[in-house]
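Asker: Just a sequence and a predicted model for now, questions to come.
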Amino acid sequence: MILAIDQGSSKTQALIGDEHGRIVGTGLGEGACHFLVGMDRAIQAVSVAAANAMREAAITPDLIDRISAGMAGANWPDEFKELTRQLGMLFHLTNISVYNDCVPALYAGSQSPNAVILCAGTSFNAAVLKKRELVWIYNNYTESVDEGGKSLATRAMEGVFRSMTGMGPQTSLKGRALAFFEYEDILPMLLDFSRGFMRKPLKDFAVIVDEEAMSGDGVALQAQYEFGLSVSRYATAALKRFDLISEPADVVLSGGIFKASSSVMVDAIRTEVHRVAPRARIVEAVYEPVVGAYEMALDPTMQDAWWPQIEQTAAQFSLVRF
């Protein structure tokens, strides 16, 4: 049996499946990026998710013979080595493949031979497939202005502060921000924002930004537009770099940020990509990233046989995102 893992900052998800594409169990654990919360907590989250998946699948750990894991924060060679070692000690296995978590999300998001993924959740990353082969992961080449929910919320908060100086339009986000972050006045909120010590995680404010965008607030809409414009650069640069601008290619959007009700971010990305690559297709990832981790552990020469099984059983286990 195969154990597939998708670990991000918001959740850790495990999947049990056989070599024929039949999913038989899934389980959840807490979100835990080893770079942010430490290796022990990250591995413990994997252990919990895997135990829950094995319980649902009604199997014991000795039946697992390989692991395919997408892990948040897996960027540098020493991190891949240590994550592989830790998973090996946890499950007493050596047949282990570890990827940055955006890579399984890319395989889960598109069946096109050529594809780019923009994965925006708590953080951000991007990766590229050419002829179904992984050719590039941005990893630490990503910029701080694009760090998922935190960066989107930061743009919105900067709009709130500009409105207070008259340098920007008034915004309903001011009252929402004061209530959400539990401040009575704008000045102490500005001070904590400047020092990086907000009373709640800044990334969580992205949901409220989307709510106000849907209500027509210009500052919220502008924050979403600027974020979409900025992250589109990774897709357009990749399509140019790998000679895909004249080829059919998917640009896959994955992660919680792209589940927003407002279409502004997606529209901005679509416009910028089509200015460079008119044959490209903007698609939402259909399956949860853990499905991609599972797919990567299967024999690619037998895809015609196992893919229908994945489609059927992924739906049964609520692994379809949309």
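Answerer: Structure's in. What do you need? Residues are numbered from 1 along each chain as shown.
Asker: I'd guess residue 89 is in a helix, am I close?
Answerer: Yes. The assignment for residue 89 (DSSP: H, G, I helix; E, B strand; the rest coil) places it in a helix.
Asker: Could you count how many residues lie near it?
Answerer: By other C-beta atoms under 10 Å, the residues close to residue 89 number 10. Just so you know, the C-beta spots here come from the backbone N, C-alpha and C atoms, and that holds for glycine as well.
Asker: Same question for residue 14.
Answerer: 30.
Asker: Surely it is in contact with residue 55?
Answerer: No. With contact taken as C-beta atoms under 8 Å, residue 14 and residue 55 are classed as non-touching, separated by 10.5 Å.
Asker: Show me the common contact partners of the two, please.
Answerer: Taking C-beta atoms under 8 Å, 6 or more residues apart in numbering as the contact rule, residue 14 and residue 55 both touch residue 27.
Asker: what are the bridge partners for residue 251, then?
Answerer: Assessed by DSSP bridges, residue 251 has beta-bridge partners residue 116, residue 282.
Asker: Residue 264 and residue 270, how far apart?
Answerer: 11 Å (C-beta to C-beta, to the nearest Å).
Asker: Comparing those two, which residue is more hemmed in?
Answerer: residue 264 (21 against 18).
Asker: Can I get stretch 155-171 in PDB, CA atoms only?
Answerer: Below are the C-alpha coordinates for stretch 155-171, written out as PDB (Å, rounded to 0.1, in the frame of the first residue of the first chain):
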ATOM      1  CA  ARG A 155      -1.600  45.000   0.900                       C
ATOM      2  CA  ALA A 156      -5.100  45.600   2.400                       C
ATOM      3  CA  MET A 157      -3.800  46.900   5.700                       C
ATOM      4  CA  GLU A 158      -1.500  49.300   3.900                       C
ATOM      5  CA  GLY A 159      -4.600  50.600   2.100                       C
ATOM      6  CA  VAL A 160      -6.300  51.000   5.500                       C
ATOM      7  CA  PHE A 161      -3.400  53.100   6.800                       C
ATOM      8  CA  ARG A 162      -3.200  55.200   3.500                       C
ATOM      9  CA  SER A 163      -6.900  56.000   4.000                       C
ATOM     10  CA  MET A 164      -6.100  57.500   7.400                       C
ATOM     11  CA  THR A 165      -3.600  59.900   5.900                       C
ATOM     12  CA  GLY A 166      -5.800  61.000   3.000                       C
ATOM     13  CA  MET A 167      -3.300  59.300   0.600                       C
ATOM     14  CA  GLY A 168      -5.900  56.700  -0.300                       C
ATOM     15  CA  PRO A 169      -9.600  56.300  -0.500                       C
ATOM     16  CA  GLN A 170     -11.800  55.500   2.600                       C
ATOM     17  CA  THR A 171     -12.400  51.800   3.100                       C
END
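Asker: mind checking how far it is from the chain centre?
Answerer: Taking the mean of its C-alpha atoms, stretch 155-171 sits 29 Å from the chain's own mean (C-alpha atoms, centre = their mean, to the nearest Å).
Asker: Next, the buried residues of it.
Answerer: Residues 155-157, 159-161, 163, 168, 171 are the ones in stretch 155-171 that count as buried (16 or more other C-beta atoms under 10 Å).
Asker: how far does stretch 125-140 stretch from start to finish?
Answerer: 8 Å (C-alpha to C-alpha, to the nearest Å).
Asker: I'd like the distance between residue 313 and residue 25.
Answerer: For residue 313, the distance to residue 25 (C-beta to C-beta) stands at 10 Å.
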